[in-house]
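> Based on what follows, work out the 3D shape:
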Amino acid sequence: MESVRRIRKEHGWSQEKTADEAGINKVTLVHIETGKTSPNVETLQKLANAFGVEVADFFPKAQAPLPFDESAVPQRLSLDEVKDRFAPLAEGLNRYCERWEEKIPILKGSPEEVIDFILDLQDFRGILDNAYVDELYAVATALGFVSVEHPYGALPEDMATGFMRAETEQHSLVHAALQRLYRVGFELAESTGDEELAGQMQHLAHAEGAA
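Presented below is the predicted three-dimensional model:
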């Protein structure tokens with residue numbers, strides 16, 4: 001995300017200092033800044049806390065004036081509207097998973113199938129990442145989490161972040177579909193008996209936070 005790099009530069013911080021202040025891995029920060037991965041809600045909150053900004057500041061189109069005015073956030077959708085918007089992508093992912101799930105019982109000794117699955121996953125990774133982050137932000141906004149006084153504001157910061165992430169993901173159709181997608185990939189890899197492929201798929205799932 002270019003906005004993370006921009007805000008870091010505005011603070012005059014190195015990547016090492018930023019990672020340390022936010023309590024995240026430097027490699028994760030590098031991947032976020034270069035667009036190799038998209039941060040989840042928890043990571044965004046950690047970066048926002050470190051910089052002393054709001055999560056909304058990472059999303060220029062959704063920035064609000066200070067002091068915070070929820071009515072000024074454009075296109076704040078209801079949960080039903082968010083689901084309607086992202087349902088087609090989630091349904092497509094689930095249909096894709098169904099086709100692979102049918103093949104699992106007959107895939108023993110066919111690592112080529114798993115390689116095809118992994119390559120497909122890598123080809124669409126950017127699109128899936130962006131859709132996932134967009135939906136999480138829309139859900140978080142609909143739930144009132146992208147505000148100064150969010151529903152868990154009275155709780156300790158770490159606990160509040162955990163509750164917000166759990167509730168946001170609970171309403172995320174794309175999150176559920178991605179979890180299924182990586183689970184299918186790992187089961188496919190295991191079905192071949194190829195430990196290297198299984199390890200590669202498991203690593204990919206962990207890297208995406210879907211395991």
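> Just give the number of residues close to A154.
Around A154 there are 8 other residues, counting by other Cβ atoms under 10 Å. All C-beta atoms are positioned from the backbone trio N, CA, C, and that covers glycine.
> Check which helix or strand it maps to.
A154 belongs to no helix or strand when assigned by DSSP states H and E.
> Kindly report the same for the one 10 residues further on.
Assigning secondary structure by DSSP H and E places M164 in helix 157-170.
> Quick one: residues in contact with that helix.
Helix 157-170 is touched from outside by 40-42, 45-46, 49, 136, 139-140, 143, 145, 150, 152-153, 155, 175, with contacts defined as Cβ atoms under 8 Å, 6 or more residues apart in numbering.
> can you do 6 Å?
Residues outside helix 157-170 that contact it (Cβ atoms under 6 Å, 6 or more residues apart in numbering): V41, E42, Q45, L136, V139, A140, F145, Y152, H175.
> and the two most separated of those?
Y152 and H175 (19.0 Å; Cβ to Cβ).
> Looking at those two, which one has more neighbours?
More crowded of Y152 and H175, by other Cβ under 10 Å: H175, with 21 against 16.
> Would you mind measuring from the closest residue in space to that one that isn't next to it in sequence to A154?
Of all residues not flanking H175 in the chain, E169 sits nearest, at 4.8 Å (Cβ to Cβ, 6 or more residues apart in numbering). Going from E169 to A154 by Cβ to Cβ, to the nearest Å gives 22 Å.
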